[in-house]
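Visitor: Here is a sequence with its predicted model. Questions after.
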Amino acid sequence: MRYEIRRIDPWRCLVPRQGAMRVDGLIYADDTLLAGILEDRAVEQVANVAMLPGIVGRSIAMPDIHWGYGFPIGGVAAFDVDEGVVSPGGVGYDINCGVRLLATSIEHEGIAADLPRLADVLFRNLPSGVGSARSDLRIGGRDLDDVLTRGARWAVERGFGEPEDLERLEAGGALPGADPDQVSERARQRGARQLGTLGSGNHFAEVQVVSEIHDERAAARLGLAPGRLVISIHSGSRGLGYQVCDDFLKRMLRAAARPGIDLPDRQLCCAPIGSDEGRAYLGAMAAAANFAFANRQVMAAWVRRSFEELGLGPDDHRVRTVYDVCHNIAKFEEHEVDGERRRLLVHRKGATRAFGPGHPELPDEYRDLGQPVLIPGDMGRYSFVLLGSEGSCEAFGSACHGAGRRLSRAAAKKAARGRAVVRELEDRGILVRAAGARTVLEEIPEAYKDVAEVVDAVEGAGLARPVARLRPLIVVKG
Amino acid sequence: MIRGKAPYELIEHTADIGVVVRAGSLPELFEAAASAMFDQMYDVASVRPGELEHPVELAEPDLAAALAAWLGEMLSWSMARGAAPGAFEVAELRAMPRLVALRGRVLAEPLDPERHRFETEIKAVTYHGIRVDRRGNLWEAEVIFDV
């Protein structure tokens, strides 16, 4: 079905309520981005989400939206806690997939000659690729229950990182309400050897240099200075999270024949928030999210150790966590809707929380600035650090999560045929270490939209504002 | 039983990977879909199956749900076990109104990322647009994987 779309202003388009939609859709995009969005079935998916019971406000799409399964990638949907639903597909398989940004005091110029060695050390210390596992960190039983309940704090107590890291993680690195008993044995088996691993696909660790500053005062507060190295880690809950999502999709599909829930796509299956399945999923999802927080915490500690293997001590590298965001998650939050404060369950699938200045959930040191929003681009161009703005209220305190794919994986491989992609990137000063050759072809820079265009749209719409631009130097991929 | 590769078509999907498979019977269709799924992850023809075996038994309300469950069970078992499946057998598939029952097995060997030329991890089998239907003399299935 083709949906009517009306432009509201240069950065916003409305998908007016039509057919079985319960609310309007809102797409943040300028004309150029919208043209790309209309090429696949993402708008249909925005409309499908608008059909779910208890949805509040609008079914929202970020400028990096693209066709997903069920919910679009780049979607935000908030549900009333009494009348609304929770949908595992609205969170995604990779529960709490997210980004961690580490700042350092290392000047690019001073370390340029050692970058190939750093790339090798990071590739060894951050296992990547299909089924990647750690031989040095196998957890199970009660230990795994601790990870699932305590998240990043578990890792810090085991010597992975510093207590002050926790203050700079979304939700302090642990979602409340985790229920390890709802995580199946199979999910536990899949996660047992994967804590501290990157995985494959679009997951990565990048060493980047701060190449441009958009707001000097804010950048200094975040510890970002031009010419210094930073590290971004993009990963999630690995096999444990994928299995939790799969288990609950199956369970909710079996219970799907509920009065009042008519699904336009099986992948949208959901359960009332207060139902047994809904509560069980939220407990399992929080547990998987905590596994992801611990995963990124362990890898951040391995980044520190990697610098130390190169002979740089803590005073030489001064690796410091800037922030850590989730971009596949459902969270209970308070938002103002039509002048009324309401407690909602906000699903962000391929969208980042972007609370503006003064929000009580932000750490003290950043509260007056707004929340750091970490937006990876493609591996050949740049990534961005933004700060959440007051205007993000309109999107339930959210912004985009990345560049968004432009080409399918098959089309990207076709575009890369006959090219030495790793060599091309090396010629541009970017060292690639990857577990799989095909991943590199599927992830070529032109497979993605230009993330600068996405960030322009986010800034234009008043959701967040750019602080710094980061240029990749080393890319470790699955 | 299908050993190694079966023919399939790739579907263009912006973020993920999809396949279309065709076969003369439902058991063959399910076996071919399994081979196509694992072939996205590694070279399924390079597997010497036999050392590991996993039985699959399921009952689902319709053919599409049965296909998702059959593929999902093999994927999840192989990832938890560190196995590379290379042969797929659906010994029995009974499709009744509101109930599809399947009994089958998968043969595998321990995963060897180099020899099996591992490439892309499939996170899960999605239900998005999944279908199993009859087209002329053939059965056809379409499924999208999250990668």
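Guide: Yep, that arrived.
Visitor: Tell me how many other residues surround residue B:117.
Guide: When counting by other CB atoms under 10 Å in any protein chain shown, one arrives at 15 neighbours for residue B:117. Where you see a C-beta, it was placed from the backbone N, CA and C, and this is true even at glycine.
Visitor: That one reaches residue B:45, doesn't it?
Guide: No. With contact defined as CB atoms under 8 Å, residue B:117 and residue B:45 do not form a contacting pair (9.9 Å).
Visitor: Mind listing what's buried along stretch A:141-157?
Guide: Buried positions in stretch A:141-157, judged by neighbour count with 16 or more other CB atoms under 10 Å in any protein chain shown: A:144-156.
Visitor: restrict those residues to those near chain B?
Guide: Contacts with chain B are made by none of the buried residues of stretch A:141-157, judged by CB under 8 Å from any CB of the partner chain.
Visitor: Out of those, which is nearest to chain B?
Guide: Nearest to chain B among the buried residues of stretch A:141-157: residue A:144, at 13.5 Å, using CB to the nearest CB.
Visitor: List phi and psi for that closest one.
Guide: Dihedral angles of residue A:144 (phi, psi; degrees, to the nearest 10) stand at phi -70, psi -40.
Visitor: Tell me how far it lies from residue A:290.
Guide: Taking CB to CB, to the nearest Å as the measure, residue A:144 falls 11 Å from residue A:290.
Visitor: Kindly report the same for residue A:415.
Guide: As judged by CB to CB, residue A:415 and residue A:290 stand 39 Å apart.
Visitor: Likewise for residue A:450?
Guide: On the measure of CB to CB, residue A:450 and residue A:290 end up 34 Å apart.
Visitor: now swap in residue A:368 and tell me
Guide: Noted for residue A:368: a distance of 29 Å to residue A:290, by CB to CB.
Visitor: okay, the two: which has more neighbours?
Guide: More crowded of residue A:368 and residue A:290, by other CB under 10 Å: residue A:290, with 29 against 11.
Visitor: And the residue of chain B that's closest to chain A?
Guide: Counting by CB to the nearest CB, chain B gets nearest chain A through residue B:128, at 3.1 Å.
Visitor: which helix is the longest one in the chain?
Guide: Let's take chain A. helix A:276-309 (DSSP state H).
Visitor: that's the wrong chain, I wanted chain B
Guide: helix B:63-81.
Visitor: and the residue of chain B closest to chain A, how far is that from residue A:412?
Guide: If you go by CB to CB, the gap between residue B:128 and residue A:412 works out to 20 Å.
Visitor: Quick one: residues contacting residue A:386.
Guide: By CB atoms under 8 Å, 6 or more residues apart in numbering or on different chains, the contact list for residue A:386 reads A:354, A:372-375, A:399, A:455, A:458-459, A:464-467.
Visitor: Those residues into a markdown table, with extra columns for distance to residue B:68?
Guide: Below are those laid out as a markdown table (distance: CB to CB, whole Å):
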| residue | distance to residue B:68 |
| --- | --- |
| A:354 | 34 |
| A:372 | 38 |
| A:373 | 35 |
| A:374 | 33 |
| A:375 | 33 |
| A:399 | 33 |
| A:455 | 37 |
| A:458 | 35 |
| A:459 | 41 |
| A:464 | 37 |
| A:465 | 43 |
| A:466 | 41 |
| A:467 | 43 |
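Visitor: and those, which of them are in strands?
Guide: Among the contacts of residue A:386, the members falling in strands (DSSP state E) are A:372, A:373, A:374, A:375, A:399, A:464, A:465, A:466, A:467.
Visitor: of those, closest to chain B?
Guide: residue A:375 (16.9 Å).
Visitor: thinking residue A:109 is in contact with residue A:229, fair?
Guide: No. Using CB under 8 Å, residue A:109 is not in contact with residue A:229, being 10.4 Å away.
Visitor: Can you find the helix or strand of the chain with the lowest average pLDDT?
Guide: I went with chain A, as the question did not name one. helix A:437-442 (a mean of 85; mean pLDDT, DSSP states H and E).
Visitor: my bad, chain B
Guide: strand B:9-11 (a mean of 92).
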